[in-house]
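Novice: Fold the following.
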Amino acid sequence: MINNIAQDLPPELASDFTDFNKNETPSEKEDFKKYLILILGAVFFLVFGFISYQLINSPLIIAFTGVGDESVTATRAIISFSIYAADADVLVAVKTTRDKANAFKQLLINNKIEVKDISISEVSVNPSLTATQAVVYQSAVTISFKTTNISSLDDLVTLLYTNGALQVSQPVLSSDDQTILEQKALAEAISEAKGKANIFANRNFKFVKKIIAIDQQTAGTTASSTTSVDTSKGTFSIVKGVSVTYKMW
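Specialist: As a prediction, this is how the structure comes out:
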């Protein structure tokens, strides 16, 4: 074919074309292929490096939540309540409040509360005006106590109200094993959050991830909290909630 092309060219160009093709050796063709491969490889690595740099310096930051729940057998409960008295004579108001406090103390002792587990605050006095602008002194005392008789808490709270106690708090429950169970509930919450993170990473081809923050919340152990409390059985639940924040690439 080369000879056919040479025949179609003018005589002065035909000889040059033929000489050029005769001078092109196989080694020169191989060198050209090598240079081409090197250039394409360099372009590929530059593009790959640029993309990798962008991914490393622009990670996805996302948080996953988890909840751990442990049932606990309560061994103690703390309850507090207030008592008040009012009188135009400040001394009478204070004495009446102290007499009420002593009466409640004896009531608690009669219901198997030990003296060492009863705490009575100092009497506080505040003057106020009635509708007729008369001065009345209001005195108050706060009493708190600890009990191990968990099953009778409901009856005990009813007894306090029946005898004139005001602002009776919800029982604050605790257990000898509470610290260990709190740690177990926390571990369950973190495990659940990690499981969610793994599922998300696999679905979105994020194969490298790192925890950068863990925020936790604990539900209280009072009967009015979001935990489950069964005073008849003497049990309550410790609930740990966490938010685990990840960086993903």
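Novice: Just checking, which helix or strand of this protein averages the lowest pLDDT?
Specialist: Every helix and strand of the chain was ranked by mean pLDDT, DSSP states H and E. The lowest is helix 2-8, at a mean of 49.
Novice: how's the chain carved up into domains?
Specialist: 22-50, 59-73+177-248, 76-171 (automatic domain parsing).
Novice: For this structure, which segments count as helices?
Specialist: Using DSSP state H, the helices of the chain run over residues 2-8, 11-23, 26-57, 90-110, 153-162, 178-203.
Novice: Out of the domains of the chain, point me to the one whose mean pLDDT is lowest.
Specialist: Mean pLDDT per stretch puts domain 22-50 lowest among the domains of the chain, at a mean of 70.
Novice: so L160 sits right up against F81, yeah?
Specialist: Yes: counting by C-beta atoms under 8 Å, L160 touches F81, with 5.6 Å between them. (Glycine included, C-beta is placed from N, CA and C.)
Novice: hey, what's in contact with both of those two?
Specialist: Taking C-beta atoms under 8 Å, 6 or more residues apart in numbering as the contact rule, L160 and F81 both touch V168.
Novice: Next up, phi/psi of the nearest residue to N149 once chain neighbours are set aside, please.
Specialist: What sits nearest to N149 in space, not counting adjacent residues and going by C-beta to C-beta, 6 or more residues apart in numbering, is K112, at 6.1 Å. The phi and psi values for K112, taken as degrees, to the nearest 10, are phi 70, psi 30.
Novice: Count the residues that sit near K112.
Specialist: Close neighbours of K112, defined as other C-beta atoms under 10 Å, add up to 11.
Novice: And stretch 178-190, what's buried?
Specialist: Q178, L181, E182, K184, A185, L186, E188, A189, I190 (16 or more other C-beta atoms under 10 Å).
Novice: What is the nearest of those to S151?
Specialist: Q178 (18.5 Å; C-beta to C-beta).
Novice: Go ahead and confirm the closest one touches V72.
Specialist: Yes: shown here, Q178 and V72 form a contact pair, counting by C-beta under 8 Å, at 6.3 Å.
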